[in-house]
Structure formats: C-alpha cells, structure tokens
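Undergrad: curious how this folds, go ahead:
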Amino acid sequence: MSETFVRYEVSEGFATLTLDSPHNRNAISARLVAQLRQGLADAAADDGVRAVVLTHEGGTFCAGADLSEASAAEGGAAAAAAARTREMTAVLRSILELPKPVIGRIDGHVRAGGMGLVGACDLAVAGPRSTFALTEARLGLAASIISLTVLPRLTSRAASRYFLTGERFGPEVAAAIGLVTVDTDDPRAAVAEILAQLRECSPQGLGESKRLTTMRMLADFDRYGEELAEQSARLFGSPEAVEGMTAFLQKRPPAWSRP
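TA: The predicted model follows:
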C-alpha cells in the first residue's frame with residue numbers, strides 16, 4: 001500500500017484535503033500531487049460535497065517543490081522541472097476548474113509552489129503561525145507557473161516587491177495585499193463560518209459563480225502556460241539554479257550572495 005501524503009475526509013457535506021507529508025514539509029512531490037488531484041476528483045464526483053477545505057498537517061502548509069526529488073531525478077534538472085511543471089499546472093487547474101469552492105485553511109509556512117496552491121483557492125484563511133514567501137529568485141529561479149494563480153490575487157506593487165525580494169511576510173500583510181481572504185487567530189472557526197455561509201448557496205449557484213471568478217485565470221493558463229513551462233525548465237537546468245538549490249540543500253549561502 002502506498003504511503004498517504006494527502007488525507008481525504010468528508011463530513012457534513014464538506015470534504016477536507018489535508019497535506020500530510022511532514023517529513024519534507026509537505027513539499028510538492030509527484031506522490032503528493034497525484035493524491036491531491038485524486039482527492040479533488042473525488043470531491044468533484046461526490047454530489048454530497050458542497051465545498052472543499054485544503055489544509056495541512058504540521059507547521060508548514062507547503063514548502064514548494066521537493067528539491068531533493070528534483071536533484072535525484074533521471075534525465076537532469078531540466079527534464080525533472082518539465083515533469084514537475086506539468087504536474088503543478090494540472091493540480092492548479094484542478095482547483096480552479098473544480099465546480100465547488102475550495103477554501104484554504106493555513107496556519108503554517110507557505111513557500112514557492114505552496115503560494116500557487118493558496119492563490120488557486122477561492123478563499124484562503126490564514127492563522128497566526130502563517131508566513132509566506134516567493135523564494136524562487138533566491139534560488140536562481142522564477143515563480144513561473146504559479147504566477148498564473150498568485151499574480152491575480154496581489155496588488156501590482158506587492159507583486160513586484162515579493163516576487164523580486166523573496167522576503168517573508170505574515171498573515172496581516174497577506175490579507176492586506178489580497179493573497180488571503182482573512183487573517184485570524186482562529187482559522188478553524190473562520191473556515192466554519194465560511195462553510196456555514198456556503199451551505200446557504202445552491203450547488204448550481206456556487207459552481208456558476210466560481211466559474212466567473214476563475215475564467216480569466218484559466219484563460220491565462222491557455223495563453224501563457226506553455227511559455228512559462230519552458231521558462232521553468234530552462235531555469236531549473238541553469239548553472240545558477242543548480243548552485244541555488246545545492247546551497248539550499250547544504251544550508252549555506254549561494255555563491256552570488258557572498259561578499
């Protein structure tokens with residue numbers, strides 16, 4: 001039996017998908033993506049499910065790409081990046097295309113690709129332990145595919161700042177710049193309140209209303225997806241990215257940050 005990286009539970013008309021791979025900080029691995037997509041498909045097929053809560057086990061919601069998996073992949077970093085980009089594109093589209101609301105419940109660290117998951121959620125609630133960062137530029141990379149779900153959520157100035165600096169920010173800033181819907185000391189209670197509101201809405205009304213809010217993001221996937229996938233593969237195979245990922249795994253500063 002394969003190890004469970006994503007738990008799927010249904011209660012009182014709502015499905016909960018819990019990222020449960022704490023050994024690698026819920027990093028985006030092939031197995032986690034496959035199980036997450038299966039959970040989304042199960043929720044879509046279940047007429048008794050009105051909405052989905054996406055949450056996490058442990059102190060990290062999602063740390064981004066599994067860099068250890070990337071470094072060990074056959075065919076080199078660029079080939080691994082291309083495969084991972086296809087997987088990430090598919091899971092982000094699965095969230096956007098799901099005809100039911102997806103609510104992110106976050107109370108931990110969110111980095112890189114994890115930001116793409118938050119951006120894809122229709123609503124996002126962040127607790128006091130949440131921190132956020134787009135760290136790609138610090139690794140010699142760029143937030144290629146995930147920009148399709150993150151950029152539409154952010155103000156223009158915030159996008160420039162956090163895409164370029166890679167600096168960390170907390171839940172209050174995340175709410176102020178549009179990344180999350182609510183920052184709160186009690187994310188469970190806040191999500192329960194949102195679910196109570198959604199229970200008052202019809203399934204058809206929810207599905208069609210969600211389509212209005214995601215159609216432009218999905219159009220950008222069709223328009224820019226291939227170009228961004230090529231960018232991602234090119235950057236992952238570059239010497240700077242190899243140095244950046246190696247430095248990260250070795251817990252040392254990359255060469256370009258030294259005096």
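Undergrad: by mean pLDDT, which helix or strand of this structure comes out lowest?
TA: Among the helical and strand segments of the chain, the one scoring lowest on mean pLDDT, DSSP states H and E is helix 67-72, with a mean of 60.
Undergrad: quick check: next helix or strand after that one?
TA: Where DSSP states H and E defines the elements, the next helix or strand beyond helix 67-72 is helix 76-97.
Undergrad: and that following helix, what does it pack onto?
TA: For helix 76-97, the helices and strands in contact under the criterion 3 or more C-beta pairs under 8 Å, 6 or more residues apart in numbering; DSSP states H and E are helix 30-45, helix 67-72, helix 113-120, helix 147-150, helix 203-236, helix 239-250. To be clear about C-beta, it is placed using only N, CA and C from the backbone, and glycine gets the same treatment.
Undergrad: would you mind writing the CA trace of that helix as CSV?
TA: In CSV, the C-alpha atoms belonging to helix 76-97 read as follows (Å, rounded to 0.1, in the frame of the first residue of the first chain):
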residue,chain,number,x,y,z
GLY,A,76,18.7,16.0,-15.3
ALA,A,77,17.2,19.1,-13.6
ALA,A,78,15.6,20.5,-16.8
ALA,A,79,13.7,17.2,-17.5
ALA,A,80,12.6,17.0,-13.9
ALA,A,81,11.5,20.6,-13.9
ALA,A,82,9.4,20.0,-17.1
ALA,A,83,7.7,17.0,-15.5
ARG,A,84,7.1,18.8,-12.2
THR,A,85,5.7,21.8,-14.1
ARG,A,86,3.2,19.6,-15.9
GLU,A,87,2.1,18.2,-12.5
MET,A,88,1.9,21.6,-10.9
THR,A,89,-0.1,23.0,-13.8
ALA,A,90,-2.5,20.1,-13.6
VAL,A,91,-3.1,20.4,-9.9
LEU,A,92,-3.7,24.2,-10.1
ARG,A,93,-6.1,23.8,-13.0
SER,A,94,-7.9,21.1,-11.0
ILE,A,95,-8.5,23.5,-8.1
LEU,A,96,-9.6,26.3,-10.5
GLU,A,97,-11.9,24.0,-12.6
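Undergrad: now do that helix against helix 239-250, angle only.
TA: Going by axes from the mean of the first three to the mean of the last three C-alpha atoms, to 10 degrees, helix 76-97 is angled at 80 degrees with respect to helix 239-250.
Undergrad: what angle sits between helix 76-97 and helix 203-236?
TA: In terms of direction (the same axes, to 10 degrees), helix 76-97 departs from helix 203-236 by 170 degrees.
Undergrad: and helix 76-97, how far out from the chain's middle?
TA: Computed by C-alpha atoms, centre = their mean, to the nearest Å, the chain-centroid distance of helix 76-97 equals 11 Å.
Undergrad: give me the sheet partners of the helix or strand just after it and which way each runs.
TA: Moving toward the C-terminus from helix 76-97, the next helix or strand (DSSP H and E) is strand 102-106. Here the strand partners of strand 102-106, with direction, are listed using DSSP bridges: strand 51-56 (parallel), strand 123-126 (parallel).
Undergrad: buried deepest among those, which one?
TA: When you average the neighbours per residue for each of the strands paired with strand 102-106 (mean count of other C-beta atoms under 10 Å), strand 123-126 leads with a mean of 27.
Undergrad: need the next SSE after that strand, C-terminal direction.
TA: Reading on from strand 123-126 to the C-terminus, the next helix or strand found by DSSP H and E is strand 131-133.
Undergrad: for the residue lying closest to G127 once chain neighbours are set aside, grab the count of nearby residues.
TA: Residue nearest to G127 in three dimensions, not counting chain neighbours: D107, with 3.2 Å by C-beta to C-beta, 6 or more residues apart in numbering. Neighbouring residues of D107 were enumerated by other C-beta atoms under 10 Å; the total is 20.
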